[in-house]
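Asks: Have a look; sequence and predicted model below, questions after that.
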Amino acid sequence: MSQRNTSPLKRSTVRRTLQRFWDVTRTRPLIVFLSVFSSAGYIFLLTFANTYVMALIVDRVQAGPVAGDQVFEVFGPYILALVLVNLVGQILSKLQDYTVYKLEIAGNYHLARLCFDTLSNQSMTFHTSRFGGSLVSQTSRFMSGYTGLVDVTVYSLIPTITSVVCTVAALAPVVPTFTVILVGIMVVYIAFVWLMYKRIMPLSAATSAAQNKLSGVLSDAVTNILAVKTCGREDFERDLFDTADRAARDAETVSMHAMM
């Protein structure tokens, strides 16, 4: 019953978090467009176009010998194309890094203000019933979550989609049967990854909660160190910290096994 009641809340939290991230991201439409364009163009040029030009050079070499005075005339266009492809590809690679930095800097700025305003507007009851250190830890994880999402999207998701699209587009006219088999394998792989992801998500949430509690215990003990020492509660606080530390270690171990 408890799991059934909390699942909608978790899904709602995920949706609201992603909505916050999107609200921040869409304030920079030009940067978003450049990040998608540079990520896709970088993969297309350096992975596919570069290989294609090299294949043309190999085909031309295998077609027959070239006289010494015709080398630049025959291979000049290929060499120029190769240089341009790699040059533009490297430029797009640096543009990709630039857009990621811009998105993360702007996003963290807006999210930090959002977190501060949200926490400062809560009631005293809200703050007295929660660890201050846990709130700080959750805020840091919330902001780092945006950074991680931008990194995964720009550096992994967009290049992967681009590679799949380019591969299918290149192979479909030549070997359609193989392309169908390849797409089928990718669908099965994606379904498998999704099932594993659903299994790992609750473990990651438990790990995050344990780490938040550990940070909260440490932060509150340090913040109230004068009261702890005055009342001679060092051993008690140490026991609290050891318990939270073991819980975080156990949660991380379970999560590690699932990831492996």
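Replies: Cool, got the structure. Residues are numbered from 1 along each chain as shown.

Asks: Going by C-alpha atoms from here, please, whenever you check contacts or count neighbours.
Replies: OK.

Asks: How much space separates the residue positioned nearest the centre of the chain from Arg20?
Replies: Residue closest to the average C-alpha location in the chain (CA atoms, centre = their mean): Val152, at 2.4 Å. Counting by CA to CA, to the nearest Å, the gap from Val152 to Arg20 is 17 Å.

Asks: if we can go back for a sec, could you check the pLDDT of the residue nearest to the centre of the chain?
Replies: On pLDDT, Val152 comes in at 90.

Asks: Helix or strand with the lowest mean pLDDT in this structure?
Replies: When the helices and strands of the chain are compared on mean pLDDT, DSSP states H and E, helix 2-25 comes out lowest with a mean of 70.

Asks: Packing partners of the next helix or strand after it?
Replies: Using DSSP states H and E, the helix or strand that directly follows helix 2-25 along the chain is helix 29-43. Contacts defined by 3 or more CA pairs under 8 Å, 6 or more residues apart in numbering; DSSP states H and E place helix 29-43 against helix 71-120, helix 158-171.

Asks: And those helices: which comes nearest Leu203?
Replies: Taking CA to CA, helix 71-120 is the member of the helices and strands packed on helix 29-43 nearest to Leu203, at 25.1 Å.

Asks: quick revisit: host element of the residue nearest to the centre of the chain?
Replies: helix 132-152.

Asks: Off-centre distance for stretch 146-156?
Replies: Counting by CA atoms, centre = their mean, to the nearest Å, stretch 146-156 is centred 3 Å from the centre of its parent chain.

Asks: Other residues contacting that stretch?
Replies: Here stretch 146-156 makes contact (CA atoms under 8 Å, 6 or more residues apart in numbering) with Phe21, Ser35, Val36, Ser39, Gln96, Val100, Leu103, Glu104, Gly107, Asn108.

Asks: can we see that at 10 Å?
Replies: 17-18, 20-22, 24-25, 32, 35-40, 96-97, 99-101, 103-105, 107-108, 111, 141, 144-145, 157-160 (CA atoms under 10 Å, 6 or more residues apart in numbering).

Asks: which of the residues in that stretch are buried?
Replies: Residues of stretch 146-156 classed as buried: Tyr146, Thr147, Val150, Asp151, Thr153, Val154, Tyr155 (neighbour count, 16 or more other CA atoms under 10 Å).

Asks: before we move on, the earlier item: among the helices and strands packed on helix 29-43, which is nearest Arg246?
Replies: That would be helix 71-120 among those, by CA to CA, at 28.9 Å.

Asks: Just the mean pLDDT for that closest one, thanks.
Replies: 90.

Asks: what packs against that helix?
Replies: Secondary-structure packing of helix 71-120 (3 or more CA pairs under 10 Å, 6 or more residues apart in numbering; DSSP states H and E): helix 2-25, helix 29-43, helix 50-63, helix 124-128, helix 132-152.

Asks: related to what we said a few turns ago, would TSV of the helices and strands packed on helix 29-43 with mean neighbour count and distance to Ala221 be doable?
Replies: Output for these, formatted as TSV (neighbours: other CA atoms under 10 Å; distance: least, CA to CA, whole Å):
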stretch	mean neighbour count	distance to Ala221
helix 71-120	16	21
helix 158-171	16	44
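
Asks: Which of those helices sits closest to Ala248?
Replies: helix 71-120 (24.6 Å).

Asks: Now do the same contact list for Ala55.
Replies: Applying CA under 10 Å, 6+ apart to Ala55 gives the contacts Ala49, Val61.

Asks: where's it relative to Ala63, distance?
Replies: From Ala55 to Ala63 the distance is 12 Å (CA to CA).

Asks: try Ser120
Replies: Going from Ser120 to Ala63 by CA to CA gives 74 Å.

Asks: which ones are touching the closest residue to Ile200 other than its chain neighbours?
Replies: Nearest residue to Ile200 in three dimensions, chain neighbours excluded: Ala258, at 6.3 Å (CA to CA, 6 or more residues apart in numbering). Residues counted as contacts of Ala258 (CA under 10 Å, 6+ apart) are Met196, Tyr197, Arg199, Ile200, Met201, Leu203, Ser204, Glu252.
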